[in-house]
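[1] The sequence and its predicted three-dimensional model are supplied below.
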Amino acid sequence: MAGEPGPGRDDDLRLANALRAGDVIALTEVYDTYAPFLYDYCHGLLRDRVEAAGALRNVVIAAREHVDRLTEPDRLRGWLYAIARKECMRRRDSPNRHTGQEAPEADDELTDEQLARREERRLLAHSALAALNGRQREAIDLSVRHELDEVDLSGVFGMPLEETLALVERAREDLAAALHAALIAQNHWKDCPSVSALTESWPLSPQTSASLVRHVASCPVCGERETPPLPADRLLSVLPIAAIPADLRLDVLTAATAEDRAGNRRAIAAWTEPFDEYGWPLPYEPSPARSRDRSPRRRGPLIGAVVVAVGAVALFVGAMSWLGGGDASNSAANDPTAPGSGASSSGAEASPTDPSPTVSLPTPSQSKTPSKSPSKSPSKSPTTKAPPPDTDTPQPPKPGSLSVSGCDMGRSDSCPITITAVGGPVNWRVTGTSGPVQAGGAGHLAAGQTATVTVSRDEPTICLGRQSGSVSVSPGRSGSVAYYC
C-alpha cells in the first residue's frame with residue numbers, strides 16, 4: 001500500500017521471466033510479493049473473504065498459465081491486477097457467489113488514542129470519497145494505495161490510454177473538491193445554515209456529499225473558507241486493509257502446482273480469456289453482444305507520451321496537494337457528470353463492472369431529522385443519430401445458433417464440452433454452471449466452426465456415487481456433465 005515499499009519494475013521483469021521459465025520457486029515469490037495487495041483489492045471488489053481468497057487463488061493460477069502472453073513483462077504487477085479485476089467481475093456476476101463474511105482488518109497495533117484519531121480521519125475520507133462514482137473511487141484506490149500508473153490502469157480497466165488519463169485527472173479534481181467540501185462541513189458547519197442542514201449525519205452519504213460539493217462551489221460564505229492541504233496518500237492511508245488469511249498461501253500454491261489439479265487449472269485459465277494484442281485480459285463482459293462493440297484500447301502509440309503527460313496529469317503518490325484545483329467542473333474528462341452521479345467517467349453506464357473497491361462507504365449515522373438535499377443532476381450523455389441505411393451496403397451474415405454437447409469425465413478431473421455454430425456466426429460465452437462443476441470461456445465462431453470448453457469437477461465435502469451438473473452457454477444453450485466420486 002501507499003507508504004510501504006513495493007516491488008519495482010526490475011522485480012516485475014525478473015519474476016515474469018522466471019515464471020516463463022517454469023520456476024516453481026518464482027511462483028512462491030510472486031505470491032509473497034503481490035498476494036497481500038491483490039487480496040485486499042479483491043476483497044474490496046467482492047466484500048467477502050471467501051470469494052476474495054478464491055479470486056486470489058485463480059489469479060495466481062491464471063498468471064502462471066498465461067504469463068507467456070504478456071508482451072511487457074516489466075508490467076507484471078499491473079497485469080496481475082487486470083486478471084484480478086476480471087476474476088472478481090466474473091464472481092460478482094455469479095448467482096452462487098458467497099456473501100456475508102468480510103475479512104478482518106489488518107492489525108496495526110495502534111493505541112486507543114491513535115485508533116480514535118484514525119477513525120476521525122477515516123470518516124473524513126469516506127465522506128470525501130462518497131462524492132466520486134465507483135469507477136473514480138477504484139481509479140483513486142489503484143493509483144494511490146496500490147501505486148499503479150496510468151498505463152497499468154489502462155490495462156486493468158480495458159480503456160484507451162487517453163481515456164484513462166482523463167479518468168485519473170477527473171477523479172483527482174473531483175476528490176480535491178469533495179475533500180475541500182468535507183473539511184468545511186467538518187470544521188465550519190456552524191457558519192452556513194445550508195452546510196449545517198446537509199451534514200446532520202456523518203459520514204456523508206453519496207447524495208449528500210455530491211450536494212455539498214455543489215453548494216460549496218456556489219456559496220459565497222463557504223467559498224471564502226480555506227482548508228488545509230491533505231495529500232491523497234495521507235487521506236487514503238487510514239482506510240482499512242483486509243488481512244490476508246495466514247493459511248491461504250499453502251492452499252494457493254498447492255492448487256497452482258499439484259499434478260492432480262491440472263484439469264482445474266486449465267478451466268481456471270480459460271476464464272481469463274480472451275486477451276488483447278499486448279497480452280492483457282479483456283474486461284469481463286456478462287453479455288457476448290457487447291464484445292463486438294468495444295473499441296480498441298490503443299495503448300501502444302501513447303505509451304511514449306506518458307512521460308510528457310505526467311506533468312499535466314500528476315500521479316497521486318507523493319506530495320500531491322488535494323487543495324489545489326478545487327473547481328468541481330471537469331471539462332477534461334470524457335464523462336461530464338457531476339461528482340457522485342454514479343456514472344462511469346469513461347462514459348459507460350454504471351454497472352457491476354464499476355464497483356466501489358476497498359474504499360466502500362459506511363452507512364451514515366442516523367440523523368434526528370431527514371436532511372433535504374437537491375436531487376442529483378441527470379448525467380449528460382452525448383447522443384448520436386444513426387446514419388440512414390445504405391441500400392448498397394452488403395447485409396451482414398445472419399446470426400447462427402449454438403449446439404452444445406455434454407461430456408462425462410468418469411473418474412478423471414475434467415472433460416471437454418463441444419460448442420458448434422449452426423447456421424451462421426455466433427458470439428458465445430459460458431454464463432454459469434449448476435451442480436459440482438466449473439467452466440468458463442468465450443469467443444466467436446463462424447458458421448460450422450467448433451470450440452471446446454474444459455469442465456472441471458468440484459470436490460464436495462461428501463461425495464457418494466455419480467455427480468452431475470450442467471454448463472450454461474449464451475446464447476441459450478447448455479451441456480450436461482457427469483462424473484463419479
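    Yep, that arrived. Keep in mind the model is a prediction, meaning the values are calculated, not measured.

[2] Could you verify my assumption that Ser414 touches Ala267?
    Yes: between Ser414 and Ala267 a contact is recorded at 6.6 Å, counting by CB atoms under 8 Å. To be clear about C-beta, it is placed using only N, CA and C from the backbone, and glycine gets the same treatment.

[3] Identify the contacts common to those two.
    Both Ser414 and Ala267 are contacted by 454-456, under the criterion CB atoms under 8 Å, 6 or more residues apart in numbering.

[4] ok, of the residues you listed, which one's closest to Gly432?
    Val455 (12.4 Å; CB to CB).

[5] Quick one: the strands in the stretch 351-485 of the chain, in order.
    In the stretch 351-485 of the chain, the strands defined using DSSP state E, counting those that start in this stretch lie at 401-405, 407-408, 414-422, 426-434, 437-438, 442-445, 450-457, 466-474, 477-484.

[6] what's the closest of these to Ala53?
    Nearest of the strands of the stretch 351-485 of the chain (CB to CB): strand 437-438, 15.6 Å.

[7] other SSEs contacting the closest one?
    helix 262-272, strand 450-457, strand 466-474 (3 or more CB pairs under 8 Å, 6 or more residues apart in numbering; DSSP states H and E).

[8] May I have stretch 62-82 exported as PDB, CA atoms only?
    C-alpha atoms of stretch 62-82 as PDB (Å, rounded to 0.1, in the frame of the first residue of the first chain):
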ATOM      1  CA  ALA A  62      -4.100 -17.900 -14.400                       C
ATOM      2  CA  ALA A  63      -0.900 -15.800 -14.200                       C
ATOM      3  CA  ARG A  64       1.300 -19.000 -14.300                       C
ATOM      4  CA  GLU A  65      -0.700 -20.400 -17.200                       C
ATOM      5  CA  HIS A  66      -0.800 -17.200 -19.300                       C
ATOM      6  CA  VAL A  67       2.500 -15.400 -18.500                       C
ATOM      7  CA  ASP A  68       3.900 -16.100 -21.900                       C
ATOM      8  CA  ARG A  69       1.200 -13.800 -23.400                       C
ATOM      9  CA  LEU A  70       2.500 -10.700 -21.600                       C
ATOM     10  CA  THR A  71       4.400  -8.700 -24.100                       C
ATOM     11  CA  GLU A  72       5.700  -6.200 -21.400                       C
ATOM     12  CA  PRO A  73       7.000  -8.400 -18.600                       C
ATOM     13  CA  ASP A  74       8.100  -5.400 -16.600                       C
ATOM     14  CA  ARG A  75       4.400  -4.700 -16.100                       C
ATOM     15  CA  LEU A  76       3.700  -8.000 -14.300                       C
ATOM     16  CA  ARG A  77       2.200  -6.300 -11.300                       C
ATOM     17  CA  GLY A  78      -0.400  -4.200 -13.200                       C
ATOM     18  CA  TRP A  79      -1.200  -7.300 -15.300                       C
ATOM     19  CA  LEU A  80      -1.900  -9.300 -12.200                       C
ATOM     20  CA  TYR A  81      -4.400  -6.600 -11.100                       C
ATOM     21  CA  ALA A  82      -6.100  -6.800 -14.500                       C
END
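
[9] picking that back up, out of the strands of the stretch 351-485 of the chain, which is closest to Arg261?
    In terms of CB to CB, the element of the strands of the stretch 351-485 of the chain nearest to Arg261 is strand 450-457, at 8.8 Å.

[10] Looking at this structure, which helix is longest?
    When the chain is scanned for its longest helix (criterion: DSSP state H), the result is helix 161-187.

[11] what's the next secondary structure element after that helix?
    Sequence-wise, the next helix or strand downstream of helix 161-187 (DSSP states H and E) is helix 193-198.

[12] tell me which strands and helices that following helix is in contact with?
    Under the contact definition 3+ CB pairs under 8 Å, 6+ apart, helix 193-198 sits against helix 161-187, helix 206-218.

[13] one more time with 6 Å, if that's ok
    For helix 193-198, the elements it packs on are helix 206-218, judged by 3 or more CB pairs under 6 Å, 6 or more residues apart in numbering; DSSP states H and E.

[14] May I see the buried residues of the very next helix or strand once past the helix it packs on?
    Where DSSP H and E defines the elements, the next helix or strand beyond helix 206-218 is helix 220-223. Going by neighbour count (16 or more other CB atoms under 10 Å), the buried part of helix 220-223 is Cys222.

[15] Just the pLDDT at Asp335, thanks.
    We have a pLDDT of 35 for Asp335.

[16] Could you do Gly406 as well?
    Gly406 is given a pLDDT of 87.

[17] for the one 4 residues further on, same thing?
    The per-residue pLDDT reported for Gly410 equals 84.

[18] which one of the shared contacts of Ser414 and Ala267 sits closest to His98?
    Closest approach between the shared contacts of Ser414 and Ala267 and His98, by CB to CB: Ser456, at 18.5 Å.

[19] show me the contacts for the closest one.
    Neighbouring residues of Ser456 by CB atoms under 6 Å, 6 or more residues apart in numbering: 263-264, 267, 414, 438.

[20] again, but for Val422
    For Val422, the contacting residues are 400-401, 403, by CB under 6 Å, 6+ apart.

[21] possible to save the shared contacts of Ser414 and Ala267 as JSON lines with pLDDT and distance to Glu113?
    Below are those laid out as JSON lines (pLDDT from 0 to 100; distance: CB to CB, whole Å):
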{"residue": "Thr454", "pLDDT": "89", "distance to Glu113": "56"}
{"residue": "Val455", "pLDDT": "88", "distance to Glu113": "56"}
{"residue": "Ser456", "pLDDT": "86", "distance to Glu113": "52"}
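
[22] which residues does Thr450 bridge with?
    For Thr450, the beta-bridge partners are Thr420 (DSSP bridges).

[23] What count of nearby residues applies to it?
    Using other CB atoms under 10 Å, Thr450 has 11 neighbouring residues.

[24] ok, now Cys415?
    Cys415 - counted by other CB under 10 Å - has 21 other residues nearby.

[25] Against Ala267, how distant is it?
    10 Å (CB to CB, to the nearest Å).

[26] between the contacts of Ser456, which is nearest Leu129?
    Once CB to CB is applied, the member of the contacts of Ser456 that ends up nearest Leu129 is Gln438, at 35.1 Å.

[27] Which residue is the nearest non-sequential neighbour of that closest one?
    Leaving out its chain neighbours, the residue that sits closest to Gln438 by CB to CB, 6 or more residues apart in numbering is Ser456, at 5.1 Å.

[28] how close does that neighbour sit to Asp23?
    Per CB to CB, Ser456 is found 25 Å from Asp23.

[29] again, but for Leu38
    In this view, Leu38 and Asp23 are 20 Å apart by CB to CB.

[30] more crowded one of the two?
    More crowded of Leu38 and Asp23, by other CB under 10 Å: Leu38, with 26 against 14.

[31] what residues does the strand or helix carrying that one touch?
    Using DSSP H and E, Leu38 sits in helix 24-46. Residues outside helix 24-46 that contact it (CB under 6 Å, 6+ apart) are 7, 15, 18-19, 52, 55-56, 64, 80, 84, 88, 103, 146, 241-242, 244, 257, 355, 357-358.

[32] Might you report the residue contacts of Asp149?
    When the contact criterion is CB under 6 Å, 6+ apart, Asp149 has no partners at all.

[33] how about the contacts of Val422 in CSV, adding neighbour count and distance to Ile140?
    As requested, the contacts of Val422 are exported to CSV (neighbours: other CB atoms under 10 Å; distance: CB to CB, whole Å):
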residue, neighbour count, distance to Ile140
Gly400, 19, 44
Ser401, 13, 44
Ser403, 16, 46
